[in-house]
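Visitor: Below are the sequence and a predicted model for it; my questions follow.
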Amino acid sequence: MIDRIMREIPRFFSASNVDFLIEAAGRTLLLSVAGCTIGFLLGLLLVVIRRTSHPALLPLRTLAIGYTEVFRRIPFLVILFLVLFAIQAVAPRASLFTIALIGVCIVSTAFLSEIIRAGFESVPRQQVDAAEVMNFSYLQILFLVVAPQAWRVILPPAFAFMVMFIKDTALASQMGVVELTFAGKVLSNKGFSATLTFGAILLAYFILSYPLTRLGRYLEHKLGSSRN
């Protein structure tokens, strides 16, 4: 097997194959980063809604809680196919990448909203009460008092979730999105050794995820130092 791998390496790392892998890695990274960024912003909106106490916003709070609880309990692959069938029914020409990105946004919004909510709730209630006594508005309390102290709690699990999703985007290959895992299948079907092919895919996933992990640790320490 080793002899076969050594013979195939020059042909496997040809210019066309390397370009194909780089494009697939770019799609994987874009799915994760764009999907989790959008999910973070939408999750923050859900948390803002859930933390309100105005009676008129009770239906929105109920919807926000229901959305979070439902989509955190549905497997990602099931959501991908539900989104695929729903979008193709109304927009048959939508690209598979767009459909997968919507699926990532749906799941990341649910999970990241819980991470943000936990971070906000880690701030002592006394500080919120003090801000209310000083006549701070709801948004001022949220973004001037709560959020600056909550980032150190939010960022580590948020980055861990994003790194996890780099791996979970492999499920998008089941619906035909040409990301890293799909690229590995294509190259394996061309006759290359599965060990060589998926060894290269493994290395590509590591190259994508490790810098994000380091960035998360850097931001955690940076915010922790400034807070101290």
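Guide: Good, I have the coordinates. Numbers count the residues shown, from 1 in each chain.

Visitor: Touching, Lys185 and Gln174? I think so.
Guide: No. Using C-beta atoms under 8 Å as the test, Lys185 is too far from Gln174 to be in contact (10.4 Å). (C-beta placed from N, C-alpha, C; glycine too.)

Visitor: For Phe85, see how far away the spatially most central residue of the chain is.
Guide: What sits nearest the mean C-alpha location of the chain, by C-alpha atoms, centre = their mean, is Cys36, with 3.4 Å. When C-beta to C-beta, to the nearest Å is the yardstick, Cys36 and Phe85 sit 24 Å from each other.

Visitor: now the helix or strand harbouring Thr68, how far from the chain's geometric center?
Guide: Applying DSSP states H and E as the criterion places Thr68 in helix 58-71. Shown here is helix 58-71, whose average C-alpha point lies 20 Å from the average C-alpha point of the whole chain (C-alpha atoms, centre = their mean, to the nearest Å).

Visitor: Run through who's touching whichever helix or strand comes after it.
Guide: Along the chain past helix 58-71, the next helix or strand (assigned with DSSP H and E) turns out to be helix 76-90. Counting by C-beta atoms under 8 Å, 6 or more residues apart in numbering, the neighbours of helix 76-90 from elsewhere in the structure are 71, 94, 96, 98-100, 102-103, 106-107, 168, 171-172, 174-175.

Visitor: in helix 76-90, what counts as buried?
Guide: Applying a neighbour-count criterion of 16 or more other C-beta atoms under 10 Å, the buried positions in helix 76-90 are Phe76, Ile79, Leu80, Val83, Leu84, Ile87.

Visitor: export those to JSON lines and tack on pLDDT and distance to Ser53?
Guide: Conversion of the buried residues of helix 76-90 to JSON lines gives the following (pLDDT from 0 to 100; distance: C-beta to C-beta, whole Å):
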{"residue": "Phe76", "pLDDT": "92", "distance to Ser53": "33"}
{"residue": "Ile79", "pLDDT": "94", "distance to Ser53": "31"}
{"residue": "Leu80", "pLDDT": "94", "distance to Ser53": "36"}
{"residue": "Val83", "pLDDT": "94", "distance to Ser53": "33"}
{"residue": "Leu84", "pLDDT": "93", "distance to Ser53": "39"}
{"residue": "Ile87", "pLDDT": "93", "distance to Ser53": "36"}
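
Visitor: Out of those, the closest to Leu63 would be?
Guide: Ile79 (17.7 Å; C-beta to C-beta).

Visitor: ok, now how distant is the residue nearest to the closest one when sequence neighbours are not counted from Val78?
Guide: Nearest in space to Ile79, with sequence neighbours left out and distances taken as C-beta to C-beta, 6 or more residues apart in numbering, is Gly103 at 5.1 Å. Separation of Gly103 from Val78 (C-beta to C-beta) stands at 10 Å.

Visitor: What of Glu114?
Guide: Spatial separation of Glu114 from Val78 under the definition C-beta to C-beta is 19 Å.

Visitor: residue ranges for the helices of this protein, please.
Guide: 2-12, 15-50, 58-71, 76-90, 96-121, 125-133, 138-140, 147-168, 180-189, 194-227 (DSSP state H).

Visitor: What pLDDT does the model give the closest residue to Leu139 other than its chain neighbours?
Guide: Closest residue in space to Leu139, ignoring its immediate chain neighbours: Val48 at 7.9 Å, by C-beta to C-beta, 6+ apart. The predicted structure scores Val48 at 92 on the pLDDT scale.
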